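Chemist: Sequence unavailable; structure follows:
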Ligand SMILES: Cc1ncc(CO)c(N)n1
């Protein structure tokens, strides 16, 4: 007998083009082949610092919902809390990286795509939004970065030495396993979800991918 396909697998197949658009963006290709304009990288760095700070309250709200809305809340809390702890480390990393590149973080103004993405995440923190929806969003958000930056470290990539550490942050094996843990939680929730919750979660999956594409785009068109 064939193994049943999980919901996330179904969606990844169904929305392949958009997924590839988010994980193989020209920004990532530019890192991978070394052609990236360093000013684009600096723009991304400053904007992502602001994003990650706004991401913390989102993850906090996922953690709160995991405690109440999960039938394996011990596991979920452990995974999500691990993610939250990693964000603390990530914020320090951004500060350090920004100073290396001469990027003044206190002067960064969030661009439109960033503000809209953060506003969307904030909307998912509402108590009316059930756990399944933000856990799917959380999984996709982390996975886009994992797949994108891991691509820059594969055999045959020509990522400049000074950008390798950035790629390692999200492209490493531990982060990949963490993304898999989030995916398992999402699939478990989706298995017992109502049709209404499933269609909301699928719409959220698509929205996150679109916001991720817009976020990468910002580093090019950015001011
Ligand atoms: C825009 C964006 N998406 C995903 C991640 C992964 O945490 C990040 N740091 N920034």
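Modeler: Cool, the structure landed. Keep in mind the model is a prediction, meaning the values are calculated, not measured.
Chemist: going forward, measure contacts and count neighbours with C-alpha atoms only.
Modeler: Noted.
Chemist: Need the per-residue pLDDT for residue 1.
Modeler: At residue 1 the predicted local confidence, pLDDT, stands at 66.
Chemist: Point out the residues in the chain that sit beside the ligand.
Modeler: If contact is defined as Cα under 6 Å from any ligand atom, the residues of the chain in contact with the ligand are 48, 52, 141, 142, 145, 212, 215.
Chemist: In helices only, show me those residues.
Modeler: 48, 52, 141, 142, 145, 212, 215 (DSSP state H).
Chemist: pLDDT below threshold where in this protein?
Modeler: In the predicted model, the chain carries pLDDT under 70 at residues 1-2, 221-223.
Chemist: Tell me the secondary structure at residue 129.
Modeler: Put simply, residue 129 is coil when judged by DSSP: H, G, I helix; E, B strand; the rest coil.
Chemist: That one and residue 179, how far apart?
Modeler: The spacing between residue 129 and residue 179, counted by Cα to Cα, to the nearest Å, is 22 Å.
Chemist: Check which helices and strands the helix or strand residue 86 falls within sits against.
Modeler: Applying DSSP states H and E as the criterion places residue 86 in helix 73-101. Other elements packing on helix 73-101 under the criterion 3 or more Cα pairs under 8 Å, 6 or more residues apart in numbering; DSSP states H and E are helix 38-69, helix 173-191.
Chemist: a markdown table for those helices, including mean neighbour count and distance to residue 12?
Modeler: As requested, the helices and strands packed on helix 73-101 are exported to a markdown table (neighbours: other Cα atoms under 10 Å; distance: least, Cα to Cα, whole Å):
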| stretch | mean neighbour count | distance to residue 12 |
| --- | --- | --- |
| helix 38-69 | 19 | 22 |
| helix 173-191 | 18 | 12 |
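Chemist: if you skip the residues just before and after it, what's nearest to the residue nearest the centre of the chain?
Modeler: Of all residues in the chain, the one closest to the mean position by Cα atoms, centre = their mean is residue 141, 2.3 Å from it. Sequence neighbours aside, residue 208 is the residue nearest to residue 141 in space, at 6.7 Å (criterion: Cα to Cα, 6 or more residues apart in numbering).
Chemist: and the helix or strand hosting the one you found, how far out from the chain's middle?
Modeler: Counting by DSSP H and E, the element that carries residue 208 is helix 195-221. Between the centre of helix 195-221 and the centre of its chain there are 10 Å (Cα atoms, centre = their mean, to the nearest Å).
Chemist: dump the residue contacts of residue 191.
Modeler: When contacts are counted by Cα atoms under 8 Å, 6 or more residues apart in numbering, residue 191 is found next to residue 7.
Chemist: hmm, who's touching stretch 19-35?
Modeler: Residues lying outside stretch 19-35 but in contact with it, judged by Cα under 8 Å, 6+ apart, are 12, 36-37, 144-145, 147-149, 151-153, 157-160, 163, 209-210, 212-213, 216-217, 219-220.
Chemist: And the buried ones among the residues you listed, selectable in ChimeraX?
Modeler: Selecting in ChimeraX just the buried members of the contacts of stretch 19-35, where the criterion is 16 or more other Cα atoms under 10 Å, is done with this command:
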select :36,144,145,147,148,149,151,152,153,158,159,209,210,212,213,216,217,219,220
